[in-house]
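S.K.: Structure, please.
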Amino acid sequence: MTSTQIPATTAAELQIIQATHRYARGLDRFDPEEALSAFTEDAVWDATAVGLERFEGHEQIRAFFERDAEAIASQFHVITNHVIEFDSSDRAHGTNYVFSEGQTNSGARFKAVALNEDGYVATPDGWRIASRVISALIPPELDGFDA
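M.R.: Below you'll find the predicted structure:
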C-alpha cells in the first residue's frame, strides 16, 4: 500500500463519521433533509431514554425533524468520540457522544450530554445510520422544555 491509499475500513469510518456530522449540522441549520440524509430509508431513531420518542423510517423521522426545526430558536450539537466496529464488509456498529444545547421559540432552554448507540449500513450512496438509540450520560437540563 502506498501512502496515498486509504484502507477500506478507514474510508468507511470517515463516511460514518461524516454521516453523524451531517445529522448534527442538519439539525443545527434547521434543515431536516440534511439531517435525514444521514439515515437509511428504514432507519430507527430512538430517544425514549431521554424523554423523546421512537421513530421508524424516513417519513416518521422527517416529521420529527421538521417539528424540531419549527419549535427551536437556536441549538447546537457536538458529536465526538466515535468508536466504530465492523461486523461485516457492509455492516458496523458503534458509539459516539453528543453534547447539545439550545432554546425553543417560547424561551425554554435545554442541555443534554448523551450517548448515541448506532448501527451502520453500507448503501449505494455510502455508509448511513440504520439505527440510533440515544441515552443520557448525565441528567438532561430541561428548563421549561416540554419534549
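
S.K.: what helix or strand is the residue nearest to residue 39 when sequence neighbours are not counted on?
M.R.: The shortest distance from residue 39 to any non-neighbouring residue, by CB to CB, 6 or more residues apart in numbering, is to residue 129 (5.0 Å). Glycine gets a C-beta too; all of them are placed from N, C-alpha and C. In this assignment (DSSP states H and E), residue 129 forms part of strand 126-136.

S.K.: Not counting its own residues, what contacts the helix or strand following that strand?
M.R.: The helix or strand immediately downstream of strand 126-136 is strand 141-143, counting by DSSP H and E. Residues outside strand 141-143 that contact it (CB atoms under 8 Å, 6 or more residues apart in numbering) are 51, 108, 109, 110, 111, 112.

S.K.: Contacts for the longest helix along the chain, please.
M.R.: For the chain, the helix with the greatest residue count under DSSP state H is helix 8-28. By CB under 8 Å, 6+ apart, the residues outside helix 8-28 that reach it are 6, 31-39, 65, 68-69, 75-79, 82, 84, 86, 89, 92, 94, 96, 98, 116, 118, 120, 122, 126-129.

S.K.: Tell me what angle it forms with strand 126-136.
M.R.: Here helix 8-28 runs at an angle of 60 degrees relative to strand 126-136 (axes from the mean of the first three to the mean of the last three CA atoms, to 10 degrees).

S.K.: What residues sit buried inside helix 8-28?
M.R.: Buried positions in helix 8-28, judged by neighbour count with 16 or more other CB atoms under 10 Å: 12-13, 15-17, 19-28.

S.K.: Out of those, flag the one nearest to residue 140.
M.R.: Nearest to residue 140 among those is residue 27, at 15.9 Å by CB to CB.

S.K.: Okay, now the unreliable bits of this protein?
M.R.: 1-6, 144-147 (pLDDT under 70).

S.K.: where do the strands sit along it?
M.R.: For the chain, the strands defined by DSSP state E cover 39-46, 54-56, 72-86, 91-104, 109-123, 126-136, 141-143.
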